[in-house]
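> Below: sequence and its predicted model.
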Protein chains: 2
Amino acid sequence: MKILGIDPGLRVTGFGVLEKHGNRLQYVTSGVIRSGDGTLPERLKVIFEGISELVGLHRPDQAAVEKVFVNVNPQSTLLLGQARGAALCALSVGGLPVFEYTALQLKLAVVGYGRARKEQVQEMVTRLLSLSGTPSTDAADALGVAICHAHSGEILSTVSGLAPTLAAKGLRVRRGRLVG
Amino acid sequence: MKILGIDPGLRVTGFGVLEKHGNRLQYVTSGVIRSGDGTLPERLKVIFEGISELVGLHRPDQAAVEKVFVNVNPQSTLLLGQARGAALCALSVGGLPVFEYTALQLKLAVVGYGRARKEQVQEMVTRLLSLSGTPSTDAADALGVAICHAHSGEILSTVSGLAPTLAAKGLRVRRGRLVG
């Protein structure tokens, strides 16, 4: 099964594609879509077309999207909502079933610790997918939400959901830290 | 010039198409897109595809969209933002230049009074476009924002922007009320 993870944002939208073979996760690609300096409709178009292109190119079976924080600033919430609308639209128009996860679910699934920092998510994503380099925070979040979805059949909100993947690498998590 | 007006909403999106010939505005069509009871991505898809269909069918030259209120409820703002993102996306992907107007601008342009009620917008839209029936509030708002855009070359934020169209019908506005 091929999963496309998306971390939507008005300025930068992260994406990550991975394949799930049984318990094994295989990295396919990741990166960011930068929406540029155009007007709002133009930027939303860049997000929509960027994601549509990914869907056409990689033909994922399912999509996983990070739920956004409702910002204290209503104007920021509105802007982020619009970017998210463009992203969800592209996935739905592309025929993908879309699954949504909160940042908490993502962190629990990837780091095993709900209050994990961005860098911890980056580090764990790098390890779990045996990447040679560290992805950017936006790409790591997108890969993270794809990993989260890959594990969602298991017990998501506990570290045990992650255990088989980690064990296969001779790793485990203790108090939100990875121990070898 | 053909103008497509859109009043985006997650549940109901109003639309209205009109043609501008000099100072004369001619009604083409109006209505609503109901997004149904599906998941959020499915509903956004309905909005996107509904607007894309309108663009393909009527081939408007420009689009006018109502700016949304930032709601006191952040969750509502996020939902509305997502609906708006899908709508703007469809217009932009459809190749239309998009112009945005606040509810205040719309009311000033259509009713000549910034604090006009929904029913006043409906009534004025009906009169200005010589409609045989009254459009729904969502469709009236969409037609209203299209009218607002049609007048935007003139002095938008005063009643005088509306004056030529009204005068052609033997009408004028006094204190937000239409006088024959």
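All right, it came through fine. Numbering: from 1, shown residues only, chains lettered A, B, ... in the order given.

> quick check: angle from whichever strand or helix holds residue A:86 to helix B:74-93?
Assigned by DSSP states H and E, residue A:86 belongs to helix A:74-93. Interaxial angle of helix A:74-93 relative to helix B:74-93 (axes from the mean of the first three to the mean of the last three Cα atoms, to 10 degrees): 60 degrees.

> ok, is helix A:74-93 in contact with chain B or not?
Yes - using Cβ under 8 Å from any Cβ of the partner chain, helix A:74-93 reaches chain B at A:74-75, A:77-86, A:88-93. From N, CA and C alone the C-beta is placed, and that goes for glycine too.

> Could you give me the buried positions within that helix?
Buried residues in helix A:74-93, defined by neighbour count with 16 or more other Cβ atoms under 10 Å in any protein chain shown: A:74, A:76-93.

> helix, strand or coil for the residue nearest to the spatial centre of chain A?
Centre of chain A computed as the mean C-alpha position; nearest residue by Cα atoms, centre = their mean is residue A:142, 2.2 Å away. When classified by DSSP: H, G, I helix; E, B strand; the rest coil, residue A:142 comes out as helix.

> Could you check how far it is from residue A:79?
In this view, residue A:142 and residue A:79 are 19 Å apart by Cβ to Cβ, to the nearest Å.

> With residue A:141 instead?
Distance from residue A:141 to residue A:79, counting by Cβ to Cβ: 18 Å.

> same check, this time on residue A:95
Residue A:95 sits 27 Å away from residue A:79, taking Cβ to Cβ as the criterion.

> likewise residue A:10?
Per Cβ to Cβ, residue A:10 is found 5 Å from residue A:79.

> OK, contacts around the closest residue to residue A:35 other than its chain neighbours?
Distances taken as Cβ to Cβ, 6 or more residues apart in numbering or on different chains place residue A:43 nearest to residue A:35, at 3.8 Å, with adjacent residues excluded. Residues in contact with residue A:43 (Cβ atoms under 8 Å, 6 or more residues apart in numbering or on different chains) are A:10, A:35, A:36, A:83.

> quick one, what contacts the residue of chain A positioned farthest from its centre?
Within chain A, residue A:39 marks the point farthest from the mean C-alpha position, 26.2 Å out by Cα atoms, centre = their mean. By Cβ under 8 Å, 6+ apart, residue A:39 lies in contact with residue B:98.

> Tell me which helix or strand the closest residue to residue A:50 other than its chain neighbours sits in.
Excluding the flanking residues, the one nearest residue A:50 by Cβ to Cβ, 6+ apart is residue A:33, at 3.7 Å. Using DSSP H and E, residue A:33 sits in strand A:24-34.

> and that strand, what does it pack onto?
The contact analysis (3 or more Cβ pairs under 8 Å, 6 or more residues apart in numbering or on different chains; DSSP states H and E) places strand A:24-34 against strand A:12-21, helix A:40-58, helix A:137-150, helix A:163-168.

> Of all the ones you listed, which one is nearest residue B:65?
Closest to residue B:65 of these is helix A:40-58 (Cβ to Cβ; 8.3 Å).

> can you give me the angle the closest one makes with strand A:12-21?
If you take the same axes, to 10 degrees, helix A:40-58 sits at 20 degrees to strand A:12-21.

> Beyond helix A:40-58, next helix or strand please.
Next along the chain after helix A:40-58, taking DSSP H and E as the criterion, comes strand A:62-66.

> ok, that following strand: who's next to it in the sheet?
According to DSSP bridges, strand A:62-66 has the following sheet partners: strand A:2-7 (parallel), strand A:98-101 (parallel).

> Which strand residues bridge residue A:32?
Beta-bridge partners of residue A:32, as defined by DSSP bridges: residue A:14.
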